[in-house]
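Visitor: Sequence plus the predicted model coming up.
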Amino acid sequence: MTQFTFDTSIVSDLHKDARGWRPREYFWETWEAASDEEKQEIWDGLCNELNLEMERERKAEKQAVAEFEKQIARNLSYGAADRQQAIRWIVESLDPSEIDLRYGGSWVCWELGLPYSMKDDFKEVCKELAGQLAETTDEPYSNKW
């Protein structure tokens, strides 16, 4: 007896994680017309795609961290007093808006392709820049850091 592991209730989520978008009508027509064995094949294919995508993302994040560290070293060689100032220069170069700064380190990680586990590295810099931006605008910046 074949054991099926597919789950119709989350196949849309699996598809999005593997391919980056929700399945379209054609997918659903194929899925609904498929036998359990065929659904399992589709499911297994999506799982394989997801594994490949996760590996690609791990490599991309590793490369982004390496590039970020090179940028920090470069900024230090250009005269940044310390790592924090080098990070500040990087964040400033992104030309953040007030809204960007509200997202803080999460926004910086997204912009640079860094893992979100690094978001706290940017918290103070984003807070400082948000405060400076608020001083130069008419509307007060409400900050809930």
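Guide: Nice, thanks for sending it over. Numbers count the residues shown, from 1 in each chain.
Visitor: Okay, and the residue nearest in space to the middle of the chain sits in which element?
Guide: Geometric centre of the chain, nearest residue: Trp110, 4.6 Å, by CA atoms, centre = their mean. Under DSSP states H and E, the secondary-structure element containing Trp110 is helix 105-112.
Visitor: What is that helix packed up against?
Guide: helix 98-103, helix 123-135 (3 or more CB pairs under 8 Å, 6 or more residues apart in numbering; DSSP states H and E). (Glycine included, C-beta is placed from N, CA and C.)
Visitor: Dump the ones you listed into CSV; add mean pLDDT, distance to Arg74 and mean neighbour count as well.
Guide: Shown next, in CSV, are the helices and strands packed on helix 105-112 (pLDDT from 0 to 100; distance: least, CB to CB, whole Å; neighbours: other CB atoms under 10 Å):
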stretch, mean pLDDT, distance to Arg74, mean neighbour count
helix 98-103, 93, 23, 16
helix 123-135, 90, 17, 16
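Visitor: Let me know which of those is the nearest to Glu55.
Guide: helix 98-103 (27.1 Å; CB to CB).
Visitor: Distance from the chain centre to that closest one, please.
Guide: Distance of helix 98-103 from the chain centroid (CA atoms, centre = their mean, to the nearest Å) equals 16 Å.
Visitor: just checking, what packs against that helix?
Guide: helix 105-112, helix 123-135.
Visitor: Put together TSV for the ones you listed, with distance to Arg83 on each row.
Guide: Output for those, formatted as TSV (distance: least, CB to CB, whole Å):
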stretch	distance to Arg83
helix 105-112	14
helix 123-135	11
